[in-house]
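Asker: give me a model of this one.
(2 chains)
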Amino acid sequence: MSLIAAEDLGVRLGGHEVLSHVDFAIERGEIVTVVGPNGSGKSTFLRALIGAQPLSSGRITRAPGLRIGYVPQKLHIDPTLPMTVARFLSLPKRRPQADVARALERVAVPHLEGRQMVDLSGGQFQRVLLARALLEAPDLLILDEATQGLDQPGSAAFYRLIEELRQDLGCAVVMVSHELHVVMAASDRVICLNGHVCCQGTPEIVASAPEYRALFGTGTQGALALYRHDHNHSHDADCDHAHHRHEEEA
Amino acid sequence: MSLLDDFLIRAALAGVGVALAAAPMGCFVVWRRMAYFGDATAHAAILGVAMALALDIPVFGGAVAVALAMALTVSTLSGRGYSMDTLLGVLAHSALAFGLVAVSFLTDVRIDLMAYLFGDILAVGRADLGVIWAGAALVVGLLTWRWQALLTATLNPDLAYAGGLDPRREQLILTLALALVVAVAIKVVGVLLIAAMLLIPAAVARPFARTPEQMAMAAAAVAVVSVLGGLWVSLDLDTPAGPSIVCVAAVLFLLSSLFRSVRQGA
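Answerer: Now for the predicted structure:
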């Protein structure tokens, strides 16, 4: 059974239909990227998956005992709230010091425990958010534009880390991103969202789909090709193929 | 003759009880930017007092009920696209005005309005003391029980949802705790100055804290010092006790701000 599945999902916000007839399912170990223009309902879709967004229609089924690690789009910490990194990582569940240290090491920002959250750089902050999600030992990692504010090498490194984590933990990943070329290279499956699912499949299929080109133009195609060398496999444009790719790598 | 026979001891104990409940609650008020929300809840309490006196029910019960009703009204309306500061301003001052008008109808009850507006800590009796400490214990208990969840929901509601918590429930718990704090603080500082007891100790504590827990503890210490210092000033200079307590807290805030700017300058 899928980790999480949405059937005929619909969301209305203030009388406006943000999402309609969205079907979605993700299996263990899969990386799925959701792309779409601004206002296409990407964040709303993720919020629906974590249970923060009431549905106007359809339903969401979670595997029993599913653990979700969530990395929000941005997290504003009010300057009146003192918060060390270690304390932040112990929310909502208290975590042993050793676990906190290990999680920080895993995301390559060790020894930050005593720092105030508001003093972190953008890259450190995103990695600490990721560390918090990892402490949940998630079956499913959900990231909403997790690399906002990082430069391109920074976000490329961040996505490489996500891919490593998927291999180490065997968790599935759903993420939303604007950085199409970088993200698509790291994904098994891409869903192009614009209120409904326009098209989906392997990065290649989506990038060449007319629906996708209508939304994003053809400009990303070249960049996508550039980034393909990160992967040591070439593909036919075959949707079924994509799901096995990373099992071979692991 | 027991210790509680001394009005000053009773006043000090009442003040300390309120301080211990108001300080951690006040931290949430500061973190969540609910200052005006606290004001509206506190001002509504005067209406509760008037209704309690008219219906001949305990003042504490009336104050809690109306403060809670006000807090719930505000939280419900807040998600509906009203401009929050306008809405709170309207509700806070209307509640106060209706409360004052309601009190004026109570001709057969001799009521010292000033005692409810500015507190009358020196007149705290044994029964009041019991109510204050029971209420304060309830507030501290609630906040301690839900501490982790409240902090998560305060940081970001979506993080709370993802962690299996319902931030709306945590908001409700804070609302209830706020109404209780208001009700226990009326006798000590009065409805007009309750917001000060919530905000000032938390603001004083901020530069000295590295974690939320340290801030809550430091705020409690500041609040207790303010209460005892204010009582002492009030006796020494023959000034009203409630406002004197707030004055001491304000002076501590000034010192804390100086400390902060000196440290940042260094």
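
Asker: can we go C-alpha only for contacts and neighbour counts from here?
Answerer: Noted.

Asker: in chain A, which spans are helices?
Answerer: A:42-50, A:85-89, A:97-106, A:122-134, A:152-169, A:180-186, A:203-208, A:210-216, A:220-227, A:245-249 (DSSP state H).

Asker: from B:Met34, how far out is A:Ser20?
Answerer: 36 Å (Cα to Cα, to the nearest Å).

Asker: pick out whichever of those two has more residues nearby.
Answerer: A:Ser20 (19 against 15; other Cα atoms under 10 Å in any protein chain shown).

Asker: excluding sequence neighbours, find me the nearest residue to that one.
Answerer: Excluding the flanking residues, the one nearest A:Ser20 by Cα to Cα, 6 or more residues apart in numbering or on different chains is A:Gly10, at 4.2 Å.

Asker: low pLDDT regions in the chain?
Answerer: By default, I'm working from chain A. A:217-250 (pLDDT under 70).

Asker: correction: the question concerned chain B.
Answerer: B:1-3, B:79-82, B:108-111, B:266.

Asker: residue numbers of chain A in contact with chain B?
Answerer: A:47, A:50-52, A:68-70, A:72, A:75-78, A:80-84, A:87, A:91-93, A:116 (Cα under 8 Å from any Cα of the partner chain).

Asker: which is the next helix or strand following the one helix or strand B:Asp39 maps to?
Answerer: Using DSSP states H and E, B:Asp39 sits within helix B:35-55. Next helix or strand after helix B:35-55 toward the C-terminus (DSSP H and E): helix B:59-78.

Asker: and the angle for that next one with helix B:35-55?
Answerer: 140 degrees (axes from the mean of the first three to the mean of the last three Cα atoms, to 10 degrees).

Asker: I'd like to know how far the most centrally placed residue in chain A sits from B:Ala65.
Answerer: Geometric centre of chain A, nearest residue: A:Met175, 2.0 Å, by Cα atoms, centre = their mean. Distance, A:Met175 to B:Ala65, using Cα to Cα: 46 Å.

Asker: one more: A:Ala185?
Answerer: 58 Å.

Asker: what does the stretch 1-150 of chain B put close to chain A?
Answerer: B:Val30, B:Trp31, B:Gln148, B:Ala149.

Asker: just the buried subset of the residues you listed, please.
Answerer: B:Val30, B:Trp31, B:Gln148, B:Ala149 (16 or more other Cα atoms under 10 Å in any protein chain shown).

Asker: and the helix holding B:Asp39, what does it pack onto?
Answerer: helix B:59-78, helix B:84-105, helix B:167-189, helix B:194-205 (3 or more Cα pairs under 8 Å, 6 or more residues apart in numbering or on different chains; DSSP states H and E).

Asker: and among those helices, the most buried is which?
Answerer: Most buried of the helices and strands packed on helix B:35-55, by mean neighbour count (mean count of other Cα atoms under 10 Å in any protein chain shown): helix B:194-205, with a mean of 27.

Asker: quick one: contacts of that one?
Answerer: The contact list for helix B:194-205 (Cα atoms under 8 Å, 6 or more residues apart in numbering or on different chains) reads A:80, B:19, B:22-27, B:29-30, B:35, B:38-39, B:42, B:182, B:185-186, B:215-216, B:218-220, B:222-223, B:246, B:249-250, B:252-253, B:256-257.

Asker: isn't A:Gly114 up against A:Phe88?
Answerer: No. Assessed by Cα atoms under 8 Å, A:Gly114 is found out of contact with A:Phe88, at 10.5 Å.

Asker: okay, those two: which has more neighbours?
Answerer: Applying other Cα under 10 Å to A:Gly114 and A:Phe88 shows that A:Phe88 carries more neighbours, namely 24 against 13.
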